[in-house]
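Visitor: Would you be able to build a 3D model of this:
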Amino acid sequence: MAGGGDLRPRGGNAPKLKPAESSKSSLMSEVLEAERVLKSNPEEMRRYNKRESYLMDMQASHNSGKAEGKAEGKAEGKAEGKAEGVAETKLMMVKNMLAHGLSSDLIKKIAVLDDNQLAEIKLQLQH
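Guide: Okay, the predicted model is just below:
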């Protein structure tokens, strides 16, 4: 440990620890031992750094993929919403034209509909 030395208690005067504190102490002992091994063995330190770099790259890749998926889903949702809005507006417009007595030919030209589409809208109005 840099500068502070080993902080583990020495001798038989160590305080009694509760189970949770004991597991924390055990974990800290393991961390300190790992640090000692890494500092004393350059090859182990290199492998450790390589693994940490790999894990960080994997996490960044995961986060990037998650963000891309979220953006893609948002774009698809916007496109679907826009298409539904256009379709609803067109339907409302055709219904208004029919209500005002415009001819079927003029409605098909204005709304860019074929005979079947206009017939479907007229059926909807009857129900």
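Visitor: Tell me where the chain has helices.
Guide: Along the chain, the segments classed as helices by DSSP state H run 19-40, 42-99, 104-111, 115-126.
Visitor: helices or strands up against the helix or strand of the chain with the lowest mean pLDDT?
Guide: Across the helices and strands of the chain, the lowest-confidence element by mean pLDDT, DSSP states H and E is helix 19-40, at a mean of 77. Here helix 19-40 touches helix 42-99, going by 3 or more CB pairs under 8 Å, 6 or more residues apart in numbering; DSSP states H and E. To be clear about C-beta, it is placed using only N, CA and C from the backbone, and glycine gets the same treatment.
Visitor: sorry, back to before: any idea which of the helices of the chain is most buried?
Guide: Comparing the helices of the chain by mean neighbour count (mean count of other CB atoms under 10 Å), helix 104-111 ranks first with a mean of 14.
Visitor: Just the C-alphas of that one, formatted as CSV.
Guide: Taking only C-alpha atoms (Å, rounded to 0.1, in the frame of the first residue of the first chain), the coordinates of helix 104-111 have been written out as CSV:
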residue,chain,number,x,y,z
SER,A,104,-65.4,10.6,-55.5
ASP,A,105,-63.1,11.4,-58.4
LEU,A,106,-62.0,14.7,-56.9
ILE,A,107,-61.5,13.1,-53.4
LYS,A,108,-59.4,10.4,-54.9
LYS,A,109,-57.2,13.0,-56.7
ILE,A,110,-56.8,15.2,-53.7
ALA,A,111,-56.2,12.4,-51.2
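Visitor: quick check: mean pLDDT across that helix?
Guide: Helix 104-111 comes out with an average pLDDT of 94.
Visitor: related to what we said a few turns ago, worst mean pLDDT among the helices of the chain?
Guide: The stretch with the lowest mean pLDDT among the helices of the chain is helix 19-40, which comes in at a mean of 77.
Visitor: And the residue nearest the centre of this structure?
Guide: residue 66 (4.0 Å; CA atoms, centre = their mean).
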